[in-house]
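Q: Sequence and predicted structure below; questions after.
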Amino acid sequence: MAGHSKWANIQHRKGRQDAARSKLFSKLAKEITVAAKMGDPDPEKNPRLRLAVKAAKAVSCPKDVIDRAIKKAVGGDAESYTEIRYEGYGINGIAVIVETMTDNVNRTASNVRSYFTKCGGNMGQTGSVSHGFDRVGEITYPVSAGDTDTVMMAALEAGADDVESDEEGHYIYCAMESLAEVSDALEKELGESTESKLIWKPQVTTEVDLETATKLMKLIDMLEDDDDVQTVTHNFDVPEDVAAQL
């Protein structure tokens, strides 16, 4: 199987987590509130909310932040957000998908467009790059969950479609509609996962050199620093020798 992208590990080495922790918690709380507002406030009865809470716990988001976000939805005083996906190209034609949740569409669209422009990229129409990605569920387990064969067997029995394993962990993929079901089945066999979420999985990735990686990271940093941006996905991969220089 192809190795999982090193991007998360590069982010970690850059040391941005601590500085951006409160911003991250705020974005996770927003997703929790929206999920609770759209469905049942009980995570056990609301798959989207259950995944949102799990994502928050995966990065040690305080329990009171999670509880407050749910109560905000139940109390009826939660803001109204519009979910919009933007697509575009970074330098050298690298595909980028930006998922946002905003209370001001004009502001968000203007900001996202300016980030692409400042970093040598350009915005595209909806669908211009997403056709090169698959919308799937991704369930992550640490290496300690088991060897590759054990995890692969458990994943297939749970209804997953594919597994990628490397020295960082196991990444299990399934149909987006089956994410909650597959995740629950896997927990009975492998224990609680590190994370379960919907992602845009690139069908093909492009390796980039140091200069290109640096410029693309600048774009992604700018996008992720925006309060309205929930997730940023791309189709580039960074070779280990290049990653070591970042």
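A: Perfect, I can see it now.
Q: remind me which residues of the chain are low pLDDT?
A: Per-residue confidence of the chain (counting by pLDDT under 70) places the weak regions at 1-19, 77-78.
Q: where exactly do the strands run in it?
A: 82-89, 95-102, 122-124, 133-141, 162-166, 169-175, 195-202, 206-207, 229-234, 236-237 (DSSP state E).
Q: so how far is the helix ranked longest in the chain from its chain's centroid?
A: Longest helix of the chain, by residue count under DSSP state H: helix 21-38. From the chain centre to the centre of helix 21-38 is a distance of 13 Å (CA atoms, centre = their mean, to the nearest Å).
Q: now the angle from it to strand 82-89?
A: 130 degrees (axes from the mean of the first three to the mean of the last three CA atoms, to 10 degrees).
Q: And the residue of the chain most remote from its centre, how far from residue 68?
A: Most distant from the centre of the chain: residue 75, at 27.9 Å, with distances by CA atoms, centre = their mean. With distances taken as CB to CB, to the nearest Å, residue 75 is found 10 Å from residue 68. Using the backbone N, CA and C atoms, a C-beta is placed for each residue, glycine as well.
Q: Please render the strands of the chain as TSV that adds mean neighbour count and distance to residue 51 to the earlier fields.
A: Below are these laid out as TSV (neighbours: other CB atoms under 10 Å; distance: least, CB to CB, whole Å):
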stretch	mean neighbour count	distance to residue 51
strand 82-89	17	15
strand 95-102	22	14
strand 122-124	15	28
strand 133-141	20	9
strand 162-166	18	19
strand 169-175	23	13
strand 195-202	19	6
strand 206-207	12	29
strand 229-234	21	13
strand 236-237	22	26
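Q: Distance to residue 187 added to those strands, as JSON lines?
A: What follows is these, written out as JSON lines (distance: least, CB to CB, whole Å):
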{"stretch": "strand 82-89", "distance to residue 187": "28"}
{"stretch": "strand 95-102", "distance to residue 187": "26"}
{"stretch": "strand 122-124", "distance to residue 187": "38"}
{"stretch": "strand 133-141", "distance to residue 187": "9"}
{"stretch": "strand 162-166", "distance to residue 187": "16"}
{"stretch": "strand 169-175", "distance to residue 187": "12"}
{"stretch": "strand 195-202", "distance to residue 187": "9"}
{"stretch": "strand 206-207", "distance to residue 187": "35"}
{"stretch": "strand 229-234", "distance to residue 187": "23"}
{"stretch": "strand 236-237", "distance to residue 187": "30"}
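Q: Nearest to residue 46 among the ones you listed would be which one?
A: strand 195-202 (13.9 Å; CB to CB).
Q: by contact count, what packs against the closest one?
A: Packing contacts for strand 195-202, counted by 3 or more CB pairs under 8 Å, 6 or more residues apart in numbering; DSSP states H and E, involve helix 47-58, strand 133-141, helix 179-190, strand 229-234.
Q: So what angle separates the directions of the first one and helix 179-190?
A: Right, helix 47-58. 50 degrees.
Q: CA atoms only for helix 47-58, dumped as PDB, please.
A: Once non-C-alpha atoms are left out, helix 47-58 reads as follows in PDB (Å, rounded to 0.1, in the frame of the first residue of the first chain):
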ATOM      1  CA  PRO A  47     -23.200  10.300  13.600                       C
ATOM      2  CA  ARG A  48     -21.900  13.700  12.500                       C
ATOM      3  CA  LEU A  49     -21.900  15.000  16.100                       C
ATOM      4  CA  ARG A  50     -20.200  11.800  17.300                       C
ATOM      5  CA  LEU A  51     -17.400  12.200  14.800                       C
ATOM      6  CA  ALA A  52     -17.000  15.900  15.700                       C
ATOM      7  CA  VAL A  53     -16.700  15.100  19.400                       C
ATOM      8  CA  LYS A  54     -14.200  12.400  18.600                       C
ATOM      9  CA  ALA A  55     -12.100  14.800  16.500                       C
ATOM     10  CA  ALA A  56     -12.100  17.200  19.400                       C
ATOM     11  CA  LYS A  57     -11.000  14.600  21.900                       C
ATOM     12  CA  ALA A  58      -8.300  13.400  19.500                       C
END
